[in-house]
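Asker: Build me a structure from this.
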Amino acid sequence: MIRPRRARIVATLGPASSGRVADLARAGADVFRVNFSHGAHAAHAEAIAEVRRAEGEVGRPLAVLADLQGPKLRLGLFKGGEAAIKVGGKLRLDLDAAPGDAKRVGVPHPEIFAALKKGASVLLDDGRVRLRVNRHGADFADTVVEAGDRLSDHKGVNLPGLTIPIPALTDKDRADLAFALGVGVDWVALSFVQRAADMAELRKLVDGRAGVLAKIEKPAALEQLDEILDLCQAIMVARGDLGVELAPEEVPVVQKALVRAARLRGLPVIVATQMLESMVSASTPTRAEASDVAGAVYEGADALMLSAESAVGAYPLEAVAMMDRVIARVERDARWPELMRAEYPVDDADADALVAAAGRAAEAASTACLVTFTTSGQTALRMSRERPLQPILALTPNLATARRLALVWGLETRVVPELTDPEELARVAVQQAVAAGLAQPGQRVLILAGLPMGSAGAANILRFAHAPLK
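Answerer: Here you go, the predicted structure:
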């Protein structure tokens with residue numbers, strides 16, 4: 001089942017998708033996100049099992065992305081569940097667990113008070129309430145209300161511009177990670193990354209059993225972006241919390257910078273949050289949302305993500321199909337190819353030189369598609385970084401690699417036996433390309449491979465083969 005587009009779609013699983021995963025995959029979903037901020041392990045296990053069943057139904061590898069909750073900071077409780085506040089009024093934050101009111105409320109996170117500074121801004125409830133710190137200590141902060149009129153139990157707390165001294169992985173995250181790796185997820189996303197050490201810790205725990213992805217949603221992460229990118233295998237532009245701590249006009253600029261930084265390194269990048277938000281309750285998106293999706297495609301993002309739209313929305317299939325249609329339409333734009341020319345310095349590695357040569361050779365009109373043989377996925381990732389216009393068929397003996405590559409721009413992945421003979425490589429490449437509908441009898445297929453298979457970065461074969469005439 002070949003999709004006529006290169007950018008990929010990530011669909012979040014939830015009540016609305018239960019029993020419909022195969023249909024979502026047929027509509028265009030390539031990766032399925034399991035949000036560990038909600039639900040029990042038993043429900044997640046069933047959802048992941050449904051993805052694996054759907055994979056067999058649609059005939060192509062599908063990826064599972066485990067999204068860890070991370071250290072979400074929240075208020076305590078209020079008497080009666082909520083309190084009315086007034087702009088200009090005073091509100092004390094403290095460590096007292098007693099239910100709060102319009103004058104004070106508990107914040108069960110001593111790390112917050114350790115990070116505060118006089119004059120700092122405190123955002124509550126996704127920025128709907130803004131406080132300014134006048135005085136603070138180890139267990140309290142006296143603030144003045146600058147915006148907002150109501151608060152309720154457990155609303156989120158954000159401290160823009162401040163690095164909070166808390167571990168990126170909570171005890172809950174560690175338990176969720178152990179479960180996710182045990183059931184064989186393909187990617188693990190770490191929320192609220194602030195520093196490179198956060199990714200180093202996750203990478204050590206995962207130990208190669210899945211790809212590791214950094215969610216960039218804290219401004220502090222931007223200050224260590226290069227170091228974070230050194231330690232992750234993909235990133236997500238998580239515009240929800242990022243948009244809380246940054247001014248609205250800054251978010252599009254940061255998004256473009258993050259996508260470009262990922263493309264320069266050849267790292268897959270997901271653009272996420274509110275892409276088709278109105279389709280949670282409406283059967284069609286706003287024109288602004290369609291333009292938002294299109295903008296991410298023009299930027300060269302590897303994947304675009306649906307959150308509530310597919311998890312709890314009334315129109316999950318329609319949302320996936322709409323995203324699929326917008327992506328496909330952008331990629332038919334005559335101006336789109338020039339935007340896809342990869343921006344990266346030429347590496348000295350022989351493998352990268354061969355991949356670059358393959359990208360140029362593929363521009364010939366007589367080339368139907370590219371076929372890359374890959375064991376770890378690195379050769380296919382390097383080929384994707386070139387952003388060739390022809391489809392890329394990535395053949396691998398490892399099902400785990402095939403699933404992980406389902407996130408990557410332009411790759412169609414299939415599992416084949418491990419091969420050692422160059423002529424057999426050519427035969428299998430042509431056979432798989434024809435079977436996938438990417439090449440017709442008599443057309444030319446460009447093959448990129450490395451022998452022996454399994455050697456990291458060992459792309460050392462570049463050749464053409466012709467699909468035999470019937």
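Asker: Tell me where the stretch 101-250 of the chain has strands.
Answerer: Secondary structure of the stretch 101-250 of the chain, counting by DSSP state E, counting those that start in this stretch: strands at 104-106, 121-124, 129-136, 140-147, 150-152, 157-158, 187-190, 211-216, 234-238.
Asker: So which of these is nearest Met340?
Answerer: For Met340, the closest of the strands of the stretch 101-250 of the chain is strand 234-238, at 18.2 Å, according to C-beta to C-beta. Glycine gets a C-beta too; all of them are placed from N, C-alpha and C.
Asker: if we can go back for a sec, dump the strands of the stretch 101-250 of the chain to CSV, plus mean pLDDT, distance to Ala175 and mean neighbour count.
Answerer: Shown next, in CSV, are those (pLDDT from 0 to 100; distance: least, C-beta to C-beta, whole Å; neighbours: other C-beta atoms under 10 Å):
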stretch, mean pLDDT, distance to Ala175, mean neighbour count
strand 104-106, 96, 25, 20
strand 121-124, 94, 28, 22
strand 129-136, 96, 32, 17
strand 140-147, 97, 31, 17
strand 150-152, 94, 28, 16
strand 157-158, 92, 23, 21
strand 187-190, 98, 13, 26
strand 211-216, 98, 18, 25
strand 234-238, 97, 22, 26
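Asker: could you dump those to TSV with distance to Ala40?
Answerer: Converted to TSV, these look like this (distance: least, C-beta to C-beta, whole Å):
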stretch	distance to Ala40
strand 104-106	27
strand 121-124	28
strand 129-136	31
strand 140-147	35
strand 150-152	24
strand 157-158	25
strand 187-190	18
strand 211-216	22
strand 234-238	24
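Asker: quick one: which of those strands is nearest Thr284?
Answerer: Using C-beta to C-beta, the strands of the stretch 101-250 of the chain put strand 234-238 closest to Thr284, at 24.6 Å.
Asker: Convert the C-alpha atoms of the closest one to PDB, please.
Answerer: Coordinates of each C-alpha in strand 234-238 appear next as PDB, following Å, rounded to 0.1, in the frame of the first residue of the first chain:
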ATOM      1  CA  ALA A 234      14.600  12.400  16.000                       C
ATOM      2  CA  ILE A 235      12.800  15.500  17.400                       C
ATOM      3  CA  MET A 236       9.300  16.800  17.800                       C
ATOM      4  CA  VAL A 237       8.400  20.400  17.600                       C
ATOM      5  CA  ALA A 238       5.800  20.300  20.400                       C
END
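Asker: so Gln443 sits right up against Ala465, yeah?
Answerer: No: no contact is recorded between Gln443 and Ala465 when judged using C-beta atoms under 8 Å, the distance being 10.0 Å.
Asker: Of all the strands of the stretch 101-250 of the chain, which one is nearest Gly56?
Answerer: Closest among the strands of the stretch 101-250 of the chain, using C-beta to C-beta: strand 187-190, at 20.2 Å.
Asker: now the helices for the stretch 351-470 of the chain?
Answerer: 378-385, 399-404, 422-435 (DSSP state H, counting those that start in this stretch).
Asker: Work out the gap between stretch 358-367 and the centre of the chain.
Answerer: 30 Å (C-alpha atoms, centre = their mean, to the nearest Å).
Asker: Contacts for it next, please.
Answerer: Contacts of stretch 358-367 from elsewhere in the structure, counted by C-beta atoms under 8 Å, 6 or more residues apart in numbering, are 370, 383, 386-390, 443-446, 448, 462, 464.
Asker: Confirm that Ala11 sits in a strand.
Answerer: Yes: Ala11: assigned to a strand according to DSSP: H, G, I helix; E, B strand; the rest coil.
Asker: need the contact list for it.
Answerer: Residues near Ala11 by C-beta under 8 Å, 6+ apart: 17, 24, 29, 31-33, 305-306, 310, 316, 320.
Asker: Now go through those and say which are in strands.
Answerer: 31-33, 305-306 (DSSP state E).
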